[in-house]
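Colleague: this is the structure alone, sequence omitted:
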């Protein structure tokens, strides 16, 4: 009788756990918090300009990067409150995903926050995720220059120094590394470490279970935040190395010179967006490069150091509150920039 009672209790325990996990699985699927199937961002298209490789699709309103992305007929991301007056002075804000506003709403991007501070101007969001300066140069020539901006704000992030060929747009809408082929895509990416690494059937769960995918994302988020904390602390050590090379700076200087040669006397502002490192050796050199090309330079390290708050689930791109603080810090320099336009 005792063995039978034990077996019944064990069976009830497993049945309860099964119902619990099944209920959580159903709840996650119904609410749409996590999708088992990949959800590529449907915001890109192949560009007719081979220098770009890809560009934002024009006239869309799509979910991407946990937010909504809206673009105008030119293929620039738009924002609520954008000045509709096409005769107003346009200020181009050029850059990559930091300018574009990865993971934040249309109204939370840096150009949108600057628009709030200076509503009589038109701040054009000329940011595209993954672009580097050669692509930004081509994008400016193709899409932005025809809009006749009166000034330019170029937002720099240190991965802009790691130049490579334009990314490849696959058939599902994902950006891939140059040279990528479908055969390189793994069937699954299960958790291999910790307790979850011992679960049998991990690959099957990764392809079919929303609960498992949610747990995997939570673990990755926690680990990412911990790694970021450690890397920031190590960067503040007296013997921390700056990974930027002279070759990278020299190449970027040549790229920036080629770009600014097309700008004439257009008023321009160069914004250095901070990452997890301090770049104590390369930042002064970068400022010299920008100033030699006619830019006023604003270094956001002066506001944030290497502690700029990021998205919880990304650890690279800025939190909406960080963007608000950055816009406020930039305000005096932008006012000077606007005065140079005759404001």
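Modeller: That came through fine. From a predicted model like this one, the values you see are computed outputs, not experimental measurements. Numbering: from 1, shown residues only.
Colleague: what sits against the nearest residue to residue 299 once chain neighbours are set aside?
Modeller: Residue nearest to residue 299 in three dimensions, not counting chain neighbours: residue 272, with 4.6 Å by C-beta to C-beta, 6 or more residues apart in numbering. For glycine as for every other residue, the C-beta is placed from the backbone atoms N, C-alpha and C. Neighbouring residues of residue 272 by C-beta atoms under 8 Å, 6 or more residues apart in numbering: 156, 283, 286-287, 297-301.
Colleague: find me the pLDDT at residue 272, would you?
Modeller: pLDDT, residue 272: 98.
Colleague: look up how far residue 157 lies from it.
Modeller: To residue 157, residue 272 is 8 Å away according to C-beta to C-beta, to the nearest Å.
Colleague: one step back: narrow the contacts of residue 272 to those in helices?
Modeller: Judged by DSSP state H, the contacts of residue 272 include 283, 286-287, 301 as members of helices.
Colleague: pull out the buried members of those residues.
Modeller: Buried subset of these (neighbour count, 16 or more other C-beta atoms under 10 Å): 283, 286-287, 301.
Colleague: turn those residues into CSV, columns for distance to residue 134 and pLDDT.
Modeller: Listed next are these as CSV, based on distance: C-beta to C-beta, whole Å; pLDDT from 0 to 100:
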residue, distance to residue 134, pLDDT
283, 22, 97
286, 17, 98
287, 21, 98
301, 25, 98
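Colleague: of those residues, closest to residue 337?
Modeller: residue 287 (16.7 Å; C-beta to C-beta).
Colleague: how far away is that closest one from residue 297?
Modeller: Residue 287 is 5 Å from residue 297, by C-beta to C-beta.
Colleague: intersection of neighbour lists for those two?
Modeller: Residues touching both residue 287 and residue 297 by C-beta under 8 Å, 6+ apart: 270, 272.
Colleague: so who does residue 236 touch?
Modeller: By C-beta under 8 Å, 6+ apart, the contact set of residue 236 is 278, 306.
Colleague: please report phi then psi for it.
Modeller: Torsion angles at residue 236 (phi, psi; degrees, to the nearest 10) stand at phi -90, psi 0.
Colleague: and the gap between it and residue 145?
Modeller: Residue 236 is 41 Å from residue 145, by C-beta to C-beta.
Colleague: in CSV, list the ones in helices among the contacts of residue 272 along with distance to residue 308.
Modeller: Below are the ones in helices among the contacts of residue 272 laid out as CSV (distance: C-beta to C-beta, whole Å):
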residue, distance to residue 308
283, 15
286, 17
287, 18
301, 9
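Colleague: residue 257: which of those is nearest?
Modeller: Lowest distance from residue 257 to the ones in helices among the contacts of residue 272 (C-beta to C-beta) belongs to residue 286, with 13.6 Å.
Colleague: which stretches in this structure count as helices?
Modeller: Taking DSSP H, the helices of the chain run over residues 2-31, 97-100, 110-117, 133-139, 202-208, 210-235, 246-260, 282-292, 301-304, 320-339.
Colleague: worst mean pLDDT among these?
Modeller: Among the helices of the chain, helix 2-31 carries the lowest mean pLDDT, at a mean of 60.
Colleague: what's the burial count for the closest residue to residue 256 other than its chain neighbours?
Modeller: Distances taken as C-beta to C-beta, 6+ apart place residue 293 nearest to residue 256, at 5.2 Å, with adjacent residues excluded. Using other C-beta atoms under 10 Å, residue 293 is surrounded by 18 other residues.
Colleague: I figured residue 293 was touching residue 254, is that so?
Modeller: No - counting by C-beta atoms under 8 Å, residue 293 stays clear of residue 254, with 10.6 Å between them.
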